[in-house]
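Participant: Here is the input, now give the coordinates:
(chains A and B)
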Amino acid sequence: MVILLINIIALLVLPFLMIGTIKKTKAFWAGRKGVSLLQPFYDFLRLMKKESVYSKTTSWIFKFAPVFNFTTVLFASLFVPLISGQAIINMPFGFIIFSYVLGLGKFFSLIGAMDTGSSFEGMGASREACFSTIVEPAFFILMGSVVALTKVSTFENLKIILENAGIYGYLIILLTAFTLFIMLLIEGCRVPVDDPTTHLELTMIHEVMVLDNSGADLGLISWGSAIKMFLFEALIAALIIPHNFPFWISSLAFLGMIFLISIIIGTVEASIARFRMTHIFEFIFIMSIGALLVLTLVTYRIYGN
Amino acid sequence: MEFYFIALFLLILGAIASVYIKEKNKMKVCSVISGLSAFLLAIPSFFTLFTGQKLSADIYLSPIFGNITFAIDTLSAFFVIVISFACFLGILYANGYIKPYLNKGMNTSSHTFFLMLLTASMIAVVTIQNALFFIIVWEVMSLSSLFLVIFEGNKKEVINAGIKYMIYMHISVIFIIAAFALLSIKSGSYNFADFKEVLNNTHFANIIFMLSFIGFGTKAGLLPFHNWLPDAHPAAPSHISGIMSGVMIKTGIYGILRMLYLINTPSKLIAYSVLIISTVSALWGVLYAISQHDIKRLLAYHSLENIGIIGIGIGIGILGIVNSNPVMTIFGLTGGILHVLNHAIFKPLLFFAAGSIYNKTHTRNIEQLGGLIKNMPYTSAMFIIGSVAICGLPPLNGFISEFLIYAGIISGLATDNIAIFITLIVTLASLALIGTMAILCFTKVSGVMLLGNPRSKNAADVSSDTEKIMLIPMIILAILTGFIGFFPQYAVFPVLTTIFEISGVSIPAISSIIVILKTINILFFVFLVMLLCVSLLRFVLNKSNRKHTTWGCGYNKSNNRMQYSASSYADLFISTLKPMFKRISHIKKPKDLFPKDAYFEVEIEDLEEAYIVKPLVKLDEKILSKFERIQNGNMQQYILFGLIFLVIVIVGLICIG
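Facilitator: As a prediction, this is how the structure comes out:
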């Protein structure tokens, strides 16, 4: 029960702080003072109070899609070890449900975008759907390798790579963290894949899909994507933090990791520009390469001798 | 077994009777009879599934056939239930679908006759235990479905599709006959039960399995003989597509499973070939589905994908047997066979919805549709439910079977054989790829066909939703997708009894599957509660909204032709995988200062058809045209040829003997 409460509080608070940290980092590199860490939360509250504008073309799908998308992200968070170091639901093969539930959310946000009858949103939806065909197999290869290594099929397996992998442990952890980080950038729609702050529709992916959403719908979408990013950060944190620490140290380490990864994301955003559309494919394939490298190392570790 | 024979008799009686009934009452009588027989068949089938007892009866037909055994064991029972129920819903749906064709001089008598005959023959196929009679019934099934496909035989493309279908079915039956002939020569009997002994020889079993795998696989639509599917389904009326795709191609799966029942210890070769061919088929199917814009052709390619997924499940199960990993076996086989049931639910649902849309708009091209969710809200909702289910997304039934197959793969990962490990990882990644490509495909279809603004006059002119009689079967199917999704532990029960014999798994493995499914059951209800809470909070706390046009960067006179189209939605993906497709483009470029008409059209041809089938057909024509001169229409000469052939056969037989 305590775990549940702590995790819920973490889900409510940390995603906003994470976005705030990223913004602050970007401002720091640009030599600005930046907005307060809590500004994303105020933005969210403001959006929730605003009225929504619906296109005459849209149907109930468009109204329902943001709610659906948000719920799936919330549901997926049950499977991820959060601040307490434990996931709320720890069932075998949990990562499949995690991935497919997020897929359900994606399905509805895609058809929600198509519902507006706009050419921009269709373009964004097409790109989003196309990119996820590369991301998902890579994610499954990665998780499959980790499962083969640790013989545990929940996200708990990320924590025990070191014990199972022997001398390759650090390398595997590094590569897994790298692959998950790329996935975070893709799924969280950050630079260099997508830019959440731009207004140029032609090069956008996820951001252009939500062009017609406004008010509370937009609030839910932005909170949902913040939580989604936070979940991937939590996965990386679970990978790196040693699991045999006492509770309070590992919680602090978790907070520190979230903070650190957010700073890295902010630094990446400040240092490079968004790629051209043709290069994004190449960038996403880096994730596949990372996953395949992990697979190679794991195969060598298990069958090497 | 009495119920079974009464039901079969009723179906055949209905087939004959339907010829003599008034045209407008034909389908009504047919649906009553098929409903009755579905009910009658359910009694012995459920009895077998719950008790595990095998029901059988022998009928002495003639000296040639000897005793013919009709038996309902657990495997047959499962298929009998699926077939009879799906056929009943299909015929119910046909009541509405057939209406525009009545009193137009169409041959509805032959249609209803063969519809009932198809139902009867499919049920007979999965229950007959005699090889010779099996092939006869199999042939009746193929031919009656052929006549159903060519219902609109006055169209040229329909006849072409029908001929193609017939050729493929006969390639399939050649392999099945070869397998059964070998078996009956070796065992000296036509009875399936006697085949078991001779199949103990691993080498012989491999040959037999390969032959029957090609034969039954062609029926199921597996690569490399899948090409009849995308042609036959668009040609057939929608209820026939639904029945064919939902259950008839599953008789191929039944054949493969029956062979596995007979083979005691399947070899590695069998496991790998099933797994590899299924994976390639599934990828191929969904890849080509993305490139199609004819809704029924697209759904036909998705049958290929789903048969592939079923095959992956079965392949994982066999690999588990080979690798003596019972957990893997039970997860893989349960997932595969549950997917048979699931596909028989959501595929007819999609075909029925697509058929209703075709009935209203008279076009199958999704580029011409759009905005249907406003005028046909129920049909559109049904189509979206079907899409979510076929993509394997929670909380509907497609997810359960795909989840079980994933679970099978993952439980097999802890192996000491590197070849198996790599195969499993590749299958895992392929399954994920198939899932996301299915999402791409069905967001395309739902987005372009149902949402947005109407893209043509046909779509804009739709004034009302489908009739009730067509909607009811769809609603029943949609409820079933939800039921299996939310209560998987009950749905999986008949499947578990079905595979109990084949896998020889222990009780702990079975209880582990039930425990996981019970957790999923609870989780999905948690999801439902969360969804309700979020939507309540969202829609109660903030109700204010207003209407405006779609945002067009300040331009608010955007019209229907400015919407994103299906081709452009799929183009990014297709252009990334250029070598996998053969594009045929028809272009008429605009000319002069004031161009009049210009068009651009892209057609995607199946690589297999372009590079394997067509060259083969050409070669065939080349060789056979050499024999043209002996075809002179002279009856006496033909009789002479026949005699020469007989002499050669007799001389050959004497030489061998």
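Participant: contacts, neighbours, all on C-alpha from now
Facilitator: OK.
Participant: which residue ranges form the strands in the chain?
Facilitator: If you meant another chain, say so; for now it's chain A. A:52-55 (DSSP state E).
Participant: Sorry, I should have been clearer: chain B.
Facilitator: B:55-62, B:66-72, B:545-548, B:582-588, B:599-605.
Participant: Single out the most deeply packed of those.
Facilitator: Among the strands of chain B, ranked by average contacts under mean count of other CA atoms under 10 Å in any protein chain shown, first place goes to strand B:66-72 (a mean of 20).
Participant: Which strands or helices does that strand pack on?
Facilitator: With contacts defined as 3 or more CA pairs under 8 Å, 6 or more residues apart in numbering or on different chains; DSSP states H and E, strand B:66-72 has these neighbours: helix B:26-51, strand B:55-62.
Participant: quick one, that strand and helix B:26-51 angle?
Facilitator: Orientation of strand B:66-72 against helix B:26-51 (axes from the mean of the first three to the mean of the last three CA atoms, to 10 degrees) gives an angle of 80 degrees.
Participant: sorry, back to before: so which of the helices and strands packed on strand B:66-72 gets nearest chain A?
Facilitator: Judged by CA to the nearest CA, the one of the helices and strands packed on strand B:66-72 that comes nearest to chain A is helix B:26-51, at 28.7 Å.
Participant: returning to that earlier point: using JSON lines, please lay out the strands of chain B together with mean pLDDT.
Facilitator: What follows is these, written out as JSON lines (pLDDT from 0 to 100):
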{"stretch": "strand B:55-62", "mean pLDDT": "80"}
{"stretch": "strand B:66-72", "mean pLDDT": "83"}
{"stretch": "strand B:545-548", "mean pLDDT": "86"}
{"stretch": "strand B:582-588", "mean pLDDT": "82"}
{"stretch": "strand B:599-605", "mean pLDDT": "79"}
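Participant: rewinding a little: turn the helices and strands packed on strand B:66-72 into CSV, columns for distance to chain A.
Facilitator: Output for these, formatted as CSV (distance: least, CA to the nearest CA, whole Å):
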stretch, distance to chain A
helix B:26-51, 29
strand B:55-62, 38
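Participant: right, so of these, which gets closest to residue A:224?
Facilitator: Nearest to residue A:224, of all the helices and strands packed on strand B:66-72, is helix B:26-51, at 45.3 Å by CA to CA.
Participant: re earlier: among the helices and strands packed on strand B:66-72, which gets the worst mean confidence?
Facilitator: Of all the helices and strands packed on strand B:66-72, the minimum mean pLDDT falls on strand B:55-62 (a mean of 80).
Participant: Direction included, what does that strand pair against?
Facilitator: Strand B:55-62 has its sheet partners listed here by DSSP bridges as strand B:66-72 (antiparallel).
Participant: Can you give the distance of the partner strand from its chain's centre?
Facilitator: Centre-to-centre, strand B:66-72 and its host chain are 27 Å apart (CA atoms, centre = their mean, to the nearest Å).
Participant: contact partners of it?
Facilitator: B:44-45, B:48, B:54-61, B:127-130, B:133, B:191 (CA atoms under 8 Å, 6 or more residues apart in numbering or on different chains).
Participant: Next: stretch A:164-177.
Facilitator: Contacts of stretch A:164-177 (CA under 8 Å, 6+ apart): A:142, A:149-150, A:161-163, A:236, A:239-240, A:290-291, A:293-294, A:297-298, A:301.
Participant: Pull out the buried members of these.
Facilitator: The neighbour-count criterion (16 or more other CA atoms under 10 Å in any protein chain shown) marks A:142, A:149-150, A:161-162, A:236, A:239-240, A:290-291, A:293-294, A:297-298, A:301 among the contacts of stretch A:164-177 as buried.
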